[in-house]
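Visitor: next come a sequence and a model predicted from it.
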Amino acid sequence: MDLPPVGLGTMGIDDPEPIGTALSVGYRHLDTARIYDNEAVVGEGLAAGLAATDVRREDVTVATKLWIDDLGPDDVGPTARESADLLGVETLDLLYVHRPRGAYDPEATLPALDALVDDGLVRNVGVSNFELADLDRAIEALDAPLAAHQTELHPLFYKPALIEHAREHGYTVVAYSPLAGGRVGEIDAVVDAAAAHDTTPEAVAIAWATAKEPVVTIPKASSERHLRANLAAADLELSPAETAAIDAVEREEELFPE
């Protein structure tokens with residue numbers, strides 16, 4: 001998928017206004033999920049943003065995720081249609097399996113997603129929080145190409161093997177929580193790079209992630225100031241030494257473990 005370097009993660013957003021603001025300042029990728037319980041909010045913000053700007057619906061990637069209770073083959077279609085209705089869209093641009101747990105069975109769940117692509121309800125299929133073996137099995141089970149793998153990625157939690165797998169198989173890595181839950185300001189290598197570029201640790205964390213092809217990010221933000229700052233961070237270029245220093249951060253802290 002041709003996703004922009006920075007999209008909007010919406011977990012915890014319960015007001016449509018930031019969604020509309022995001023579109024007005026340049027965001028073209030909105031990410032939500034069934035478990036966030038805010039698809040209707042995102043849909044309301046999307047509609048308002050499209051009405052208030054000259055942004056076309058076809059230029060915005062709207063993504064959501066099926067929770068682990070929705071992954072039975074008989075549940076995938078009805079749940080996806082409900083998500084589309086809540087989001088106010090005719091087509092889901094990207095539909096993920098949120099986690100390979102619960103009712104997930106690759107040989108049953110993924111063909112049900114393929115059927116939604118054939119029907120035109122879904123444009124692209126993705127997976128989220130998968131490990132390498134899960135990814136291989138999904139690629140084998142899907143008829144549609146795997147479009148994206150959404151995974152936690154930030155300076156305190158980084159799995160290079162997942163990025164390399166995406167390069168080898170031609171799909172996008174969508175990095176969630178790229179700001180490490182607000183903790184990037186505690187990481188010396190990130191703080192040092194921010195000082196050198198007269199910017200914020202948050203900007204450095206986003207720039208570090210988006211420089212790793214084929215990684216894009218979806219930081220959450222609500223205020224216009226933070227929305228603009230996150231969007232601009234993708235233009236920051238770190239030096240090889242700065243990137244290496246962040247890569248070498250030893251402490252790993254997964255915010256959303258299995």
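Guide: Received, thanks.
Visitor: could I get the contacting residues of Ser24?
Guide: For Ser24, the contacting residues are 49, 52-53, 55, by CB atoms under 8 Å, 6 or more residues apart in numbering. Just so you know, the C-beta spots here come from the backbone N, C-alpha and C atoms, and that holds for glycine as well.
Visitor: how about the helices in the stretch 51-200 of the chain?
Guide: 73-87, 106-119, 132-141, 160-169, 188-197 (DSSP state H, counting those that start in this stretch).
Visitor: return the distance of the third one from the chain's centre.
Guide: Relative to its parent chain, helix 132-141 has a centroid offset of 19 Å by CA atoms, centre = their mean, to the nearest Å.
Visitor: can I get it in CSV, CA atoms only?
Guide: Output of helix 132-141 as CSV, limited to C-alpha atoms (Å, rounded to 0.1, in the frame of the first residue of the first chain):
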residue,chain,number,x,y,z
LEU,A,132,7.2,-14.2,11.9
ALA,A,133,5.6,-17.6,11.8
ASP,A,134,2.1,-16.1,11.9
LEU,A,135,3.1,-13.8,9.0
ASP,A,136,4.3,-16.7,6.9
ARG,A,137,1.2,-18.7,7.5
ALA,A,138,-1.0,-15.7,6.7
ILE,A,139,0.8,-15.0,3.4
GLU,A,140,0.3,-18.6,2.5
ALA,A,141,-3.4,-18.7,3.4
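Visitor: elements contacting it?
Guide: In terms of contacts (3 or more CB pairs under 8 Å, 6 or more residues apart in numbering; DSSP states H and E), helix 132-141 is packed against helix 106-119, strand 125-128, strand 146-152, helix 160-169.
Visitor: who's in contact with the second one?
Guide: I take that to be strand 125-128. Contacts of strand 125-128 (CB under 8 Å, 6+ apart): 63, 65, 94-100, 110, 113-114, 117, 134-135, 138, 142, 144-151, 171, 174.
Visitor: show me how to select, in PyMOL, the buried members of those.
Guide: To isolate the buried ones among those in PyMOL, judged by 16 or more other CB atoms under 10 Å, type:
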select buried, resi 63+65+94+95+96+97+98+99+100+110+113+114+117+134+135+138+142+144+146+147+148+149+150+151+171+174
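Visitor: quick revisit: closest one to Val42 among the helices and strands packed on helix 132-141?
Guide: With respect to Val42, and counting by CB to CB, the nearest of the helices and strands packed on helix 132-141 is strand 146-152 at 15.8 Å.
Visitor: within the sheet, what are the partner strands of the closest one, with directions?
Guide: When sheet partners are counted by DSSP bridges, strand 146-152 sits next to strand 125-128 (parallel), strand 172-176 (parallel).
Visitor: how distant is the longest one from the center of its chain?
Guide: It stands for strand 172-176. Centroid separation between strand 172-176 and its chain, computed with CA atoms, centre = their mean, is 5 Å.
Visitor: give me the contacts around it.
Guide: Strand 172-176 is touched from outside by 1, 3, 7, 9, 31, 126, 147-154, 162-163, 166, 209, 212, 214-218, with contacts defined as CB under 8 Å, 6+ apart.
Visitor: center of the protein, which residue is that?
Guide: Val174 (4.3 Å; CA atoms, centre = their mean).
Visitor: give the bridge partners for that one, please.
Guide: Gln150, Val216.
Visitor: state the distance from it to Ser223.
Guide: Relative to Ser223, Val174 is positioned 23 Å away (CB to CB, to the nearest Å).
Visitor: cool, and Asp15?
Guide: To Ser223, Asp15 is 11 Å away according to CB to CB.
Visitor: equivalent analysis for Ile35, please.
Guide: Computed as CB to CB, the Ile35 to Ser223 distance reads 24 Å.
Visitor: can you check Ser177 too?
Guide: Relative to Ser223, and taking CB to CB, Ser177 is found at 18 Å.
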